[in-house]
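**Student:** no sequence for this one, just the structure:
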């Protein structure tokens, strides 16, 4: 397992065997994805005859059907309309709050911090039902504003927790030096501290975007009319509507996961970091 | 040691994590006496200004609905009546006598036990394999972690094809190895529906556990492992007595996370079976949802959801305590 003599034949065989095993396991892990891509790219005739055969034909007709007839072109736009503003809101508010909780003494700071991070302990479905009636009373059901605010609120606890840790790690000498130079508290925050936590903000941005993009329950519950239906709930309702027609369904699935995969592969480090720290949320 | 860039990920995450758990009060306290009163005033003002929008949103969209949930518990709200009748503990006593609740709870417990143990075991095993493979770490991390970032709706859909009764890949694979008699519609059979969904959830989570363990293994003291080998410990003994104790705090943290997740499970069951067939895969989350939104029993559903949280929190706290004690004992984290 932890050989020190890479030259010896037995060691090398063990190593090769380990890689072979890992490659096999990788193939099993990736199989559902391969199946999705294969099914999405078949002809509709082939889907009927041989629904799960791998790469037995090639056509983009399922993608076209999902995009046009299946309304996935709208869903993509809506997914962005729900993910981008809520992510931006989370970034701004978490950075502000994280800084204040880490470095600015004010009355009630500890209590407020606990209130904010309580969301890490409480699963969303605990309060999803009363929230529905609250949003209805506030006139925020079916609205971009309401759903964005709710999506942001589900990620704010973690965001604040995450950003506070970054600000806490900065040395205390920094603001003292800036203060000696005559910087105001605002300038210390914006000009001195903020540039030093950009890597944290970046990781939080990618992570929050993925979480809001993948969110299923919030749009399912709070967009009852389907006016701003995103990919996740669109995909779910598509299953109910045409359960037999798996070609366009596979295409819709592919459209839903493609941005996630691209983002993950391109920014693997940031995504992993976010999810690992996000682990506290469970 | 492997040369995977995982160390680039591990330290910030580890420090974020530990700080949040051990030091509960904000750590950086500017030396008060050195600051002039004007500065302290300016800091106070800015602090309040910066947290106000955050606290406002959390109060409106998290705290208020939570308080409301507690109120819903004691009334019988049907979604329309603005002044619902007070029923006291009526929802709770009904809940205790509802056999569906106990069935759902049993499913949650199965989910928690299997859904915690399996990813832990698979994740640790894979992490040890990749650790021992000494190369390709970042590629394996990418592949095994990928399912964890995908939306659960998409995962549910694709796995329901794999479980499909006719020509689904699981049945085909069974036929190929001579177990043709085992084939069935995995999600439609009450005996297997829960486990089929659970297996999908395990597929979606083991990579997360794997990445955490792989990062933790980078900090294992190799001298101890080598010493154990010289003392004649075989691979299994080295893992059991030398490596696992060193990563125990991480192990418990991960167990806490998957355990809380086990109480709160919803999306994947909802998408794949909706709790069916005939309640065979019903969990507390899906039962709360259908009570509230399909049967209009708003209060009953809310009570259920609240109870799940109340039950889950002591487990999480005790595991967290154990983890903290172990890491304070200097066993490394």
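**Tutor:** On my side now, so go ahead. Here the structure is a predicted model, which is why all the values come from computation and not from measurement.

**Student:** remind me which residues of the stretch 51-200 of chain A are low pLDDT?
**Tutor:** The stretch 51-200 of chain A contains no residues with pLDDT under 70.

**Student:** try 90
**Tutor:** A:51-71, A:117-126, A:165-166, A:169-183, A:185, A:199-200 (pLDDT under 90).

**Student:** For it, which segments count as helices?
**Tutor:** With helices called from DSSP state H, counting those that start in this stretch, the stretch 51-200 of chain A shows them at A:61-68, A:72-103, A:109-117, A:128-138, A:144-169, A:173-180, A:185-187, A:198-214.

**Student:** so who does residue B:259 touch?
**Tutor:** Counting by CB atoms under 8 Å, 6 or more residues apart in numbering or on different chains, residue B:259 touches A:282, B:112, B:116, B:312, B:315, B:316, B:319. Quick note: C-beta positions are derived from backbone N, CA and C, even for glycine.

**Student:** where does it fall, phi/psi-wise?
**Tutor:** With angles defined as degrees, to the nearest 10, residue B:259 sits at phi -70, psi -50.

**Student:** and if you look at the one 5 residues further on?
**Tutor:** For residue B:264, the backbone dihedrals (degrees, to the nearest 10) come out as phi -90, psi 10.

**Student:** Quick check: it vs chain A, distance?
**Tutor:** 4 Å (CB to the nearest CB, to the nearest Å).

**Student:** can you give me phi and psi for the residue nearest to that residue when sequence neighbours are not counted?
**Tutor:** Distances taken as CB to CB, 6 or more residues apart in numbering or on different chains put residue A:123 closest to residue B:264, at 3.8 Å, once the chain neighbours are dropped. Dihedral pair for residue A:123: phi -70, psi 150, per degrees, to the nearest 10.

**Student:** Residue A:123: how many residues sit nearby?
**Tutor:** Residue A:123 has 22 neighbours, counted by other CB atoms under 10 Å in any protein chain shown.

**Student:** Quick check: it touching residue B:265?
**Tutor:** No. Counting by CB atoms under 8 Å, residue A:123 stays clear of residue B:265, with 9.5 Å between them.

**Student:** Contacts for stretch B:67-82, please.
**Tutor:** With contacts defined as CB under 8 Å, 6+ apart, stretch B:67-82 is touched by A:126-127, A:129-131, A:133-134, B:84-92, B:296-299, B:302-303, B:305-306.

**Student:** Outline the domain layout of chain A.
**Tutor:** Domain ranges of chain A: A:1-34, A:72-281, per automatic domain parsing.

**Student:** Wait, residue B:157 touches residue A:235, no?
**Tutor:** Yes. The criterion here is CB under 8 Å, and residue B:157 meets it with residue A:235 at 6.8 Å.

**Student:** Between those two, tell me which one has more neighbours.
**Tutor:** A side-by-side neighbour count of residue B:157 and residue A:235, using other CB under 10 Å, places residue A:235 first with 27 against 24.

**Student:** where's the longest helix along chain B relative to the chain centroid, distance-wise?
**Tutor:** Counting by DSSP state H, the longest helix found in chain B is helix B:99-133. Mean-position distance between helix B:99-133 and its chain equals 10 Å (CA atoms, centre = their mean, to the nearest Å).

**Student:** same question, stretch B:299-317
**Tutor:** Remark: stretch B:299-317 is offset 15 Å from the chain centroid, using CA atoms, centre = their mean.

**Student:** What residues of it count as buried?
**Tutor:** Residues B:299-309, B:312, B:315-316 are the ones in stretch B:299-317 that count as buried (16 or more other CB atoms under 10 Å in any protein chain shown).

**Student:** Make CSV from those and add pLDDT and secondary structure to it.
**Tutor:** Output for these, formatted as CSV (pLDDT from 0 to 100; DSSP: H, G, I helix; E, B strand; the rest coil):
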residue, pLDDT, secondary structure
B:299, 91, helix
B:300, 91, helix
B:301, 91, helix
B:302, 91, helix
B:303, 92, helix
B:304, 89, helix
B:305, 88, helix
B:306, 88, helix
B:307, 85, helix
B:308, 81, helix
B:309, 82, helix
B:312, 78, helix
B:315, 77, helix
B:316, 74, helix
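
**Student:** Just to check, residue A:109 is in contact with residue A:101?
**Tutor:** Yes. Under the criterion of CB under 8 Å, residue A:109 makes contact with residue A:101 at 6.3 Å.

**Student:** out of these two, which sits in the busier spot?
**Tutor:** For residue A:109 versus residue A:101, neighbours defined as other CB under 10 Å are more numerous around residue A:101 (27 against 19).

**Student:** close enough to count as contact, that one and residue A:157?
**Tutor:** No. The criterion here is CB under 8 Å, and residue A:101 misses it with residue A:157 at 11.9 Å.

**Student:** which neighbours do these two share?
**Tutor:** residue A:116.

**Student:** Please identify the helix or strand for residue A:39.
**Tutor:** For residue A:39, the element it lies in under DSSP states H and E is helix A:9-40.

**Student:** returning to that earlier point: tell me which of the helices of the stretch 51-200 of chain A lies nearest to residue A:51.
**Tutor:** Set against residue A:51 and scored by CB to CB, these come closest in helix A:61-68, at 11.9 Å.

**Student:** And the closest one, what does it pack against?
**Tutor:** Under the contact definition 3 or more CB pairs under 8 Å, 6 or more residues apart in numbering or on different chains; DSSP states H and E, helix A:61-68 sits against helix A:9-40, helix A:44-49, helix A:246-266.

**Student:** Could you check the first one against chain B for contacts?
**Tutor:** In other words, helix A:9-40. Yes. Counting by CB under 8 Å from any CB of the partner chain, chain B has neighbours in helix A:9-40: A:15, A:18-19, A:21-22, A:25-26, A:29-33, A:35-36, A:39.

**Student:** so which of those is the most crowded?
**Tutor:** So for the residues of helix A:9-40 next to chain B (other CB under 10 Å), the most neighbours sit at residue A:39, 27 neighbours.

**Student:** What residues does that residue make contact with?
**Tutor:** A:47, A:51, A:52, A:62, A:246, A:247, A:250, B:161.

**Student:** and which of the residues you listed is nearest to residue B:205?
**Tutor:** Lowest distance from residue B:205 to the contacts of residue A:39 (CB to CB) belongs to residue B:161, with 20.3 Å.

**Student:** Surely the closest one and residue A:35 touch.
**Tutor:** Yes. If you go by CB under 8 Å, residue B:161 and residue A:35 touch, sitting 6.5 Å apart.

**Student:** Now do the shared contacts for those two.
**Tutor:** Common neighbours of residue B:161 and residue A:35, counting by CB under 8 Å, 6+ apart, are A:52, B:169.
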